[in-house]
Each structure stands twice: as C-alpha cells, then as structure tokens.
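# next comes the sequence, and after it the predicted model I'd like to discuss.
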Amino acid sequence: MTGAGQRQADPDGTEVAPSAPGFETLAIHAGQDPDPLTGAVVPPIYQTSTFKQDGVGGLRGGFEYSRTANPTGSALEECLAALEGSTQAGTQALAFASGMAAEDCLIRAVCSPGDRVVIPDDAYGGTYRLFAAVLARWGLDYVPVHLSDLAAVRRCLTDQPARVVWVETPTNPLLGIADIAALAEVAHEAGALLVVDNTFASPRLQRPLVLGADVVVHSTTKYLGGHSDVVGGALVTADAEVAERAAFLRNATGAVPGPFEAWLTLRGVRTLAVRMDRHCDSAAQVAEMLGRHPAVAQVLYPGLPSHPGHAVAARQMSGFGGMVSFRVRGGEEAAVAVCGRTQLFTLAESLGGVESLIEHPSRMTHASVAGSPLEVSADLVRLSVGLEDYRDLLADLEAALAAG
Ligand SMILES: Cc1ncc(COP(=O)(O)O)c(C=O)c1O
C-alpha cells in the first residue's frame, strides 16, 4: 500500500519523513488547527443550530444552518477526506447520523428508480435489508453476486447494466475479501460506479479510493469512533458530482450528525492508527488459537494463509483487521452457549471499540437476512477483538469453549 501511513527509508535504512504527512499526522491534525479565536487545541463543539449573518447572505465561514453544515462536522469531514484520499486532489467527505443513513443517501443520490445495483452475496445484513426492504420499494433493482468471482461480476454487468457495484471488504460477518482494484476496472468498463464499504478495515488498513473506487462508505460507529459511544456514518469521494448530489440530498432529507457526535467521532479518529495496529495483532493471536482448538470447525480471518482471500487482502490491506469469525463444531446451540459464557468478550452487537465483543450473527446482527440468499449459518460466532491484554482474551475464549 502506498501513500499515507507509509514511511520511506534512506538507502542506508534510516527512516526519513515522507514527502506528504503520514497517516498518524493527518489523523491528529487534518481539519484540526487550533481554534483561531481562543487557541483551543481541540476543535470546539459548535453546539448551535444556526449562525448569525452579517447582513442577509453575509455568512461567516460559509455556515448558515447546522443541517447544511456545522464547523464541528466540517472538521471531522476534512479529517476523514485526508485519511481516505490524501493522494487524490478534491477528495471530500460527508458525515451522517449513522452508517445506514450514509448508505441510503448515497444510493438515492446516484441512482434513480429503475436502476440496478450489484451487491455482495455476503453483505452486512443491514445493507441487504436497505436494498431488499426499502430501496426495492423505491424502484431499485438489486442483484447479489459473489464478488470474489470476477467472471460472475462481469457476466452480471454484461447481462444487464448496473449503476453501482457495491463492495464490502472484509465482509460482515464472513470476512470475505473482494479485490477492489480488479472490481473497479470491471465496474468502470461497464459504466458503473464502484462503492466500497470500508467499515471493517478503516482507512488505516485499506484505502479504496487509492485502489480505484469512486466512493467509500463508513459506519463511523465502529473503528473510526472506536469507543462504542457514538453512532455515525460517512461518505468519502473524489467525484465532485457525486459529492454535490449527496450533499444536496443530505441537506434535503436531514440525516446529519449532531455536533457532539461529530466531535466524539473525531476524538476517536485521532488514535485510529495505534488502535488499529493493536486490534490486528491481537486478532491474529485469537485466530491462531481458535485454529488449533478442537471445538472450532473453521476460523474466518483474512490474515490466515488458509483464507481464500488471503493473497488479495495481503495486497490491498496493510493489516488484516480486528474481526474474527468462527464456526463451532457443536452447531447452533453450542455457538449460542459460547456467546453466553465469555466474561471479557461482552455479548453485544456492534464492533470496532476498545472493548472486545462477541455475538451470534444469525440470531443477532444478521437476523434480518434469515430466509434470504444471504442467510448466515447458525454455528457462526463473530468476535470484535478489542484492546485488552490479548492473553486475557485468549484465556476467556478458551474457558468458554472448554466449558462446552
Ligand atoms: C459493514 C457495515 N456497514 C454499515 C453498517 C451500518 O452502520 P450503522 O450501524 O452506523 O448505521 C454496519 C453496522 O454494523 C456495518 O457493519
């Protein structure tokens, strides 16, 4: 991976500062200059709905009403744009009240009723529900395809044109990997936009815009916020037309984050790099231990050489992430029991926070895909590996598996 986050080395091996600011520097400084009025080092929470005008239309800094734009939200957006697309001029971000609000706004901004969208056949359950239960009624057609099968994607686009190819990589909860650069090529040949949900990787580990995607989607609720204390979403794109349409629709329909939510998210983003690095290290330990455990039938983690997407993940990601899923040999009841027995891994939905979480996708986060082509097998357990001492996490899981 090139660009932000990469250090260059002198021929003698000593590290030199890169020509552009590194990822950690951008996470702490982009959009976050000290407040010009007071010198406050931390961007203020502009807890205001409206802004005084100096005469009609005399806006200070372009702000008029917080549904349209708010300085705290704008600070977050500037930072997210820098992290996802620092090598691409004109990259813009838009913050939303949730990841689902960002997805809904994007699709309605770039599609019209009658258009078609290719979606992953293992997409996040909420994404599938949005297409199947909401956007289908609006007149959108959607088709689930196995995105690691490039020939299948090409065939699907040849059969019938699509406006968008929607990618999620790694996927929730199966940790499937799709080749972003290859899919960008296939989508663009067919005149479609490539959208990547980058929630599981975060820009620390994967930068889809640099790999050829047109738009990145985030649930900032997860790794970007990082502390399980705020719900939010974002779109990031270097396509000025897409950004303009999405900003128009966001203002017209109103799914903006509050100033405090934007501030909390930005506070989380500052430590994204160090958190993500530790999430990856500990998840690798967990995946390895589970792979050796007799009660575990299969471990799904892109960092394992046995994972079918390992080579692609190694190419397009700088780390394999903090999410691990596994199948329990004893089936559904055994999987549910494991979820109820851990002490440190808290039984809860969501992911990407400092604390470790465990859940049973088929009864919890992915209950909405039951009976659909995206149904998740009932012996599956999903872990969000947090930042506790990894040895405590291993002991917790071993005890929960042994008790069965
Ligand atoms: C991959 C992915 N995309 C989107 C979302 C939706 O985000 P939010 O819950 O912030 O609306 C989630 C939520 O779990 C997710 O895991």
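Perfect, thanks for sending it.
# hmm, the one helix or strand L194 maps to touching the ligand?
Using DSSP states H and E, L194 sits in strand 193-197. Yes. Using Cβ under 6 Å from any ligand atom, we find that strand 193-197 touches the ligand at D197. Any C-beta I mention is one placed from the backbone N, CA and C, and that applies to glycine too.
# with stretch 157-166 instead?
No. Stretch 157-166 lies out of reach of the ligand by Cβ under 6 Å from any ligand atom, never closer than 10.6 Å.
# start the count at 20, not 1, going forward
Okay, residue one is now 20; in that scheme the one you just asked about reads as stretch 176-185.
# how far does that stretch sit from the chain's center?
Averaging C-alpha positions (Cα atoms, centre = their mean, to the nearest Å) puts stretch 176-185 23 Å from its chain's average.
# again, but for stretch 101-111
Centre-to-centre, stretch 101-111 and its host chain are 17 Å apart (Cα atoms, centre = their mean).
# pLDDT value on D408, please?
Listed pLDDT for D408 reads 98.
# and A422, what pLDDT?
Taking A422 on its own, its pLDDT is 82.
# quick one, what contacts it?
If a contact means Cβ atoms under 8 Å, 6 or more residues apart in numbering, then A422 has 356, 360 as its contacts.
# right, and the helix or strand after the strand holding L213?
Taking DSSP H and E, what comes next after strand 212-216 is helix 221-224.
# which parts of the stretch 120-269 of the chain sit against the ligand?
Residues of the stretch 120-269 of the chain lying near the ligand by Cβ under 6 Å from any ligand atom: 143, 145-146, 187, 191, 216, 218-219, 238, 240, 250, 252.
# farthest pair within the residues you listed?
The span of those, defined through Cβ to Cβ, is set by E187 and V250 at 18.7 Å.
# out of those two, which sits in the busier spot?
Neighbours per residue, other Cβ atoms under 10 Å: of E187 and V250, the larger number sits with E187, 24 against 21.
# run a quick neighbour tally on the closest residue to N191 other than its chain neighbours.
Using Cβ to Cβ, 6 or more residues apart in numbering and skipping the chain neighbours, the partner closest in space to N191 is Y143 (4.3 Å). Residues lying near Y143 (other Cβ under 10 Å) number 26.
# wait, isn't Y143 in contact with P189?
No. Using Cβ atoms under 8 Å, Y143 makes no contact with P189, being 10.8 Å away.
# quick one: low-confidence residue ranges for the stretch 270-419 of the chain.
In the predicted model, the stretch 270-419 of the chain carries no residue with pLDDT under 70.
# quick one, what contacts the residue nearest to N191?
187, 190-191, 216, 218, 384.
# also G245?
Contacts of G245 by Cβ under 8 Å, 6+ apart are 287-288, 290-291, 294, 371-373.
# repeat for R182
With Cβ under 8 Å, 6+ apart, R182 has these contacts: 129-130, 134-136, 211-212.
# which of the residues you listed lies closest to the ligand?
Distance to the ligand across those (Cβ to the nearest ligand atom) is lowest for V136, with 15.0 Å.
# and the helix or strand harbouring that closest one, what other elements does it pack with?
Per DSSP H and E, V136 falls inside strand 135-139. Contacts defined by 3 or more Cβ pairs under 8 Å, 6 or more residues apart in numbering; DSSP states H and E place strand 135-139 against strand 160-164, helix 169-178, strand 183-187.
# can you give me the strands for the stretch 170-319 of the chain?
183-187, 212-216, 234-238, 252-256, 315-319 (DSSP state E, counting those that start in this stretch).
# about what we covered before: what lies in contact with the next helix or strand after the strand holding V136?
Later in the chain than strand 135-139, the nearest helix or strand by DSSP H and E is helix 144-148. In this structure, residues lying in contact with helix 144-148 by Cβ under 8 Å, 6+ apart are 118-119, 122, 138, 163, 185, 187, 191, 216, 380, 384-388, 391, 393, 395.
# coming back round to it: I'd like the strands of the stretch 170-319 of the chain laid out as JSON lines, including distance to A421.
Output for these, formatted as JSON lines (distance: least, Cβ to Cβ, whole Å):
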{"stretch": "strand 183-187", "distance to A421": "34"}
{"stretch": "strand 212-216", "distance to A421": "36"}
{"stretch": "strand 234-238", "distance to A421": "34"}
{"stretch": "strand 252-256", "distance to A421": "39"}
{"stretch": "strand 315-319", "distance to A421": "12"}
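# contacting residues for the residue of the stretch 170-319 of the chain found nearest the ligand?
Per Cβ to the nearest ligand atom, S238 is where the stretch 170-319 of the chain lies closest to the ligand, at 3.0 Å. Going by Cβ under 8 Å, 6+ apart, S238 touches 117-119, 121, 216, 218, 251-252.
# which non-adjacent residue is nearest it?
Of all residues not flanking S238 in the chain, G118 sits nearest, at 2.8 Å (Cβ to Cβ, 6+ apart).
# okay, the one you found: pLDDT?
Reported pLDDT at G118 in the predicted model: 98.
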